[in-house]
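In: Need the 3D shape of this:
(one chain, ligands or ions: 1)
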Amino acid sequence: MLRNKITLITLLLAISVLSAVVWQSCASKGMAGTGTESISDKYRPLFHFTPDSMWMNDPNGLVYLDGEYHLFYQYYPDSTVWGPMHWGHAISTDLVHWQHLPIALYPDSLGYIFSGSAVVDNDNTSGFGKKGTPAMVAIFTYHDVKAERAGKSVYQSQGIAYSTDKGRSWTKYPGNPVLKNPGQRDFRDPKVSWNKQTNKWILTLASGDHICFYSSPNLKEWTLESEFGKGVGAHGGVWECPDLFEMPVDRKTGEKKWVLLVSINPGGPNGGSATQYFVGSFDGHRFLNESKETRWVDYGKDNYAGVSYSNIPDSDGRHISIGWMSNWQYAQVVPTVKWRSAMTFPRKLSLMEDNSSYILKSEPVEEIQLLRERKTELKSQNIEGALESNPAMNASNFPMELFLEFELPASGAATDFGIQLGNQLDENIQLGYNRETKQFYIRRENSGISTFSKDFNGLHTSGTCDIKGTVKMHLLIDVASVELFANDGLVTMTEIFFPTEYYQTLGFYARNGKVALKSGVAYKLNSLKEK
Ligand code: FRU
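Out: Predicted coordinates for the structure are as follows:
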């Protein structure tokens, strides 16, 4: 019986590897996740954004204009490790299929082009626009590597560049830098937004252990408004890549709050880099924090520097964010060959109130539906005990989106339950909920290749989350990553993995008791390919 199962799994594995190779060689050149791939490029995601080749880190300049979502990103075109930073560029009309465009911004005499944002200057406050054509303006950090190497303690400033052809070509502003460094070693990652209260631009900047807010009428001259964050929130590392936006708490009452995202490296909840958030108010000058404890956008180890799109039309109204799906602890040594790092699947952020505190929820954008290919309903079943006794799905359904609902019986309830993705080499990753610790977790202790870093393996846990009723898990499973959205995005965990052979099985487990799988729906997802 077991041997039959293994034979079947081996067959399915062979089919899945073959289809991945066939897909990769059929895919059109120039589309994200494609190129002249071979089996040595086997960790290339099937539905997540990756650079065609070489090194990528933070998403930059997320902006929507005329039907196109722009994704700029920290890019080093000459190596698969970090180096002189450029802004790579891709566009999408649906947040799912991405088209690579030429590099948007190159380093110049003022320095490397570090992280930043982009806005559409609809009122032509900068004067960069042409009649009827507003300029797209990129605001980024110049990192003066010569000054750094010369031992100077101050080498980061902010510059701008503009485009009047929808991001296809860029002109750097001759008056750069527009925001000089007041004497801070770390002074970077400007996120700019239009503030309706003051009719000014607001620039949110990370400055070592705090955030600085600047205002400007024209994107060229900036005035310091206030600072926030010294001694508040997590401070295990340097603050980076902030974002500030207002969003509804409850669409019915119309209540709105301001959310401040702050990435931090190191000092994340499970080690290395991660993104915390604060909820409060902002009057155009000053941020007042109302969060009582440190909260994280994502408790997995692999979602960093995530920021949100600007210029999303009011008719859409979503706050859409993308993060870098890696961790500075090991990003430069993961076992991919032609390229390094992928982005998270784009997510819709929302706010909910829970016991007089505000929680930022994340869910995949609805456009994921464009990838759904084949639906499988899992039969409801009682789960008790070992993984092998509960095989659920297999390779023919990968990559996959999965919706699961678990319910605990009144007596004899399991203390810990979840799902395991694995292969026949006994490499696996487990995603579950532990009732005793009241935490969701990802157990990445034996997931495959991990010798590249001592910080990769581990049991990674969420904050405490006392779920009394149904435990829901929404999962996006790609060949080298899993994104868990638990209880409608209340808890999010994102992690990458590098199994020696692709995972081919998915099973359930329950420890010290039972759990019922009330419902389960799986969609095999289409790979990225030309529309
Ligand atoms: C975050 C970060 C930013 C910086 C960029 C450099 O990952 O360190 O603070 O601008 O990466 O590539």
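
In: Near the ligand, which residues of the stretch 51-200 of the chain are found?
Out: 57, 58, 74, 85, 114, 115, 141, 188, 189 (Cβ under 6 Å from any ligand atom). In this view, the C-beta of every residue, glycine as well, is placed from N, C-alpha and C.

In: repeat that with 5 Å
Out: Contact residues, the stretch 51-200 of the chain versus the ligand (Cβ under 5 Å from any ligand atom): 58, 74, 85, 114, 115, 188, 189.

In: In three-state terms, label the last one for me.
Out: It stands for residue 189. Of the three states, residue 189 takes strand under DSSP: H, G, I helix; E, B strand; the rest coil.

In: Look up how far residue 443 lies from it.
Out: Noted for residue 189: a distance of 33 Å to residue 443, by Cβ to Cβ, to the nearest Å.

In: Filter the residues of the stretch 51-200 of the chain next to the ligand down to the ones in strands?
Out: Those of those mapping onto strands are 58, 74, 114, 115, 188, 189, per DSSP state E.

In: Neighbours of the third one, how many?
Out: Same thing as residue 114. By other Cβ atoms under 10 Å, 24 other residues sit near residue 114.

In: going forward, begin numbering at 23 instead of 1
Out: All right, first residue 23 from here; so that's residue 136.

In: which of the residues in stretch 326-343 are buried?
Out: Neighbour-count burial for stretch 326-343 flags 326-334, 340-343 (criterion: 16 or more other Cβ atoms under 10 Å).

In: Also stretch 303-317?
Out: Across stretch 303-317, burial judged by 16+ other Cβ under 10 Å covers 304, 309, 313, 316, 317.

In: Contacts made by it with the rest, please.
Out: Contacts to stretch 303-317, defined as Cβ atoms under 8 Å, 6 or more residues apart in numbering, come from residues 217, 219-220, 222, 224, 233, 235, 237, 247-248, 250, 254-256, 266, 268, 279-280, 282, 298-302, 379-382, 485.

In: Any of those residues buried? List them.
Out: Here, 16+ other Cβ under 10 Å leaves 217, 222, 224, 233, 235, 237, 247, 250, 255-256, 266, 268, 279-280, 282, 298-302, 380-382 buried among those.

In: before we move on, back to that, which of residue 211 and residue 465 has more neighbours?
Out: The neighbour comparison of residue 211 against residue 465 (other Cβ under 10 Å) goes to residue 211, with 29 against 19.

In: mind checking how far residue 116 is from residue 507?
Out: Per Cβ to Cβ, residue 116 is found 20 Å from residue 507.

In: So which residues on the stretch 223-372 of the chain come close to the ligand?
Out: 262, 327.

In: Burial check on the one residue in the stretch 223-372 of the chain that gets nearest to the ligand, number of neighbours?
Out: Closest residue of the stretch 223-372 of the chain to the ligand, Cβ to the nearest ligand atom: residue 262 (3.6 Å). When counting by other Cβ under 10 Å, one arrives at 22 neighbours for residue 262.

In: Please parse this protein into its domains.
Out: 24-43+394-547, 71-366 (automatic domain parsing).

In: if we can go back for a sec, residue 116 and residue 507: which is more packed in?
Out: The residue with more neighbours, out of residue 116 and residue 507, is residue 507; 23 against 14, by other Cβ under 10 Å.

In: Does the more buried one touch residue 496 like I think?
Out: Yes. In this structure, residue 507 is within contact of residue 496 by Cβ atoms under 8 Å, at 4.2 Å.

In: which residues are common contacts for these two?
Out: Common contacts of residue 507 and residue 496 (Cβ under 8 Å, 6+ apart): 385, 386.

In: what's around residue 243, how many residues?
Out: When neighbours are counted by other Cβ under 10 Å, residue 243 comes out with 12.

In: again with residue 476
Out: Residue 476, neighbours per other Cβ under 10 Å, totals 10.

In: Contact partners for the residue of the stretch 423-553 of the chain found nearest the ligand?
Out: Residue of the stretch 423-553 of the chain nearest the ligand, by Cβ to the nearest ligand atom: residue 516 (15.4 Å). Residues near residue 516 by Cβ under 8 Å, 6+ apart: 320, 322, 323, 324, 325, 345, 347, 366, 503, 504, 505, 506.

In: That one and residue 136, how far apart?
Out: 23 Å.

In: pLDDT score for the residue nearest the centre of the chain?
Out: Centroid check for the chain by Cα atoms, centre = their mean gives residue 345 as the closest residue, at 2.3 Å. Predicted confidence (pLDDT) at residue 345: the value is 99.

In: which stretch of helix or strand covers the closest residue to it other than its chain neighbours?
Out: Distance criterion Cβ to Cβ, 6 or more residues apart in numbering; nearest residue to residue 345, sequence neighbours excluded, is residue 328 at 3.0 Å. For residue 328, the host element (DSSP states H and E) is strand 326-330.

In: Run through the neighbouring helices and strands of whichever helix or strand comes after that strand.
Out: Remark: after strand 326-330, the chain's next helix or strand is strand 341-346, criterion DSSP H and E. Applying 3 or more Cβ pairs under 8 Å, 6 or more residues apart in numbering; DSSP states H and E, we find strand 341-346 packed against strand 76-87, strand 90-98, strand 260-272, strand 326-330, strand 369-376.

In: Pretty sure the residue nearest to residue 345 sits against residue 366.
Out: Yes. Counting by Cβ under 8 Å, residue 328 touches residue 366, with 6.9 Å between them.

In: Please identify every residue contacting each of these two.
Out: What both residue 328 and residue 366 touch, as defined by Cβ under 8 Å, 6+ apart, is the set 344, 345, 346.

In: picking that back up, what's the strand holding residue 328 packed up against?
Out: Going by 3+ Cβ pairs under 8 Å, 6+ apart, strand 326-330 lies up against strand 76-87, strand 260-272, strand 277-287, strand 296-304, strand 341-346.

In: Apply 6 Å and report the result again.
Out: Applying 3 or more Cβ pairs under 6 Å, 6 or more residues apart in numbering; DSSP states H and E, one finds that strand 326-330 contacts strand 260-272, strand 341-346.

In: Would you list the strands that the first one pairs with, along with their directions?
Out: So that's strand 260-272. If you go by DSSP bridges, strand 260-272 pairs up with strand 277-287 (antiparallel).

In: Could you pull up the mean pLDDT of the partner strand?
Out: So the average pLDDT for strand 277-287 ends up being 97.

In: just how off-centre is that strand within its chain?
Out: 15 Å (Cα atoms, centre = their mean, to the nearest Å).

In: Need the contact partners of that strand.
Out: Contacts to strand 277-287, defined as Cβ atoms under 6 Å, 6 or more residues apart in numbering, come from residues 256, 259, 261-268, 270-271, 295, 297-304, 309, 326-327, 350, 373, 380.

In: Can you pull the phi/psi pair for residue 167?
Out: Dihedral angles phi and psi of residue 167 (degrees, to the nearest 10) take the values phi -70, psi -30.

In: Identify the residues contacting it.
Out: residue 134.

In: what do you get if the cut-off is 7 Å, keeping everything else the same?
Out: Neighbouring residues of residue 167 by Cβ atoms under 7 Å, 6 or more residues apart in numbering: 133, 134.

In: how close does it sit to residue 277?
Out: 46 Å.

In: do the same with residue 147
Out: Noted for residue 147: a distance of 30 Å to residue 277, by Cβ to Cβ.

In: any low-confidence regions in the stretch 423-553 of the chain?
Out: Along the stretch 423-553 of the chain, the parts satisfying pLDDT under 70 run over 551-553.

In: any chance of the buried residues of stretch 303-317 in CSV, with pLDDT and distance to residue 440 too?
Out: Listed next are the buried residues of stretch 303-317 as CSV, based on pLDDT from 0 to 100; distance: Cβ to Cβ, whole Å:
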residue, pLDDT, distance to residue 440
304, 98, 39
309, 98, 37
313, 96, 29
316, 96, 25
317, 97, 23
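
In: Can you list which of these are found in strands?
Out: Under the assignment DSSP E, the buried residues of stretch 303-317 contribute 304, 309, 317 to strands.
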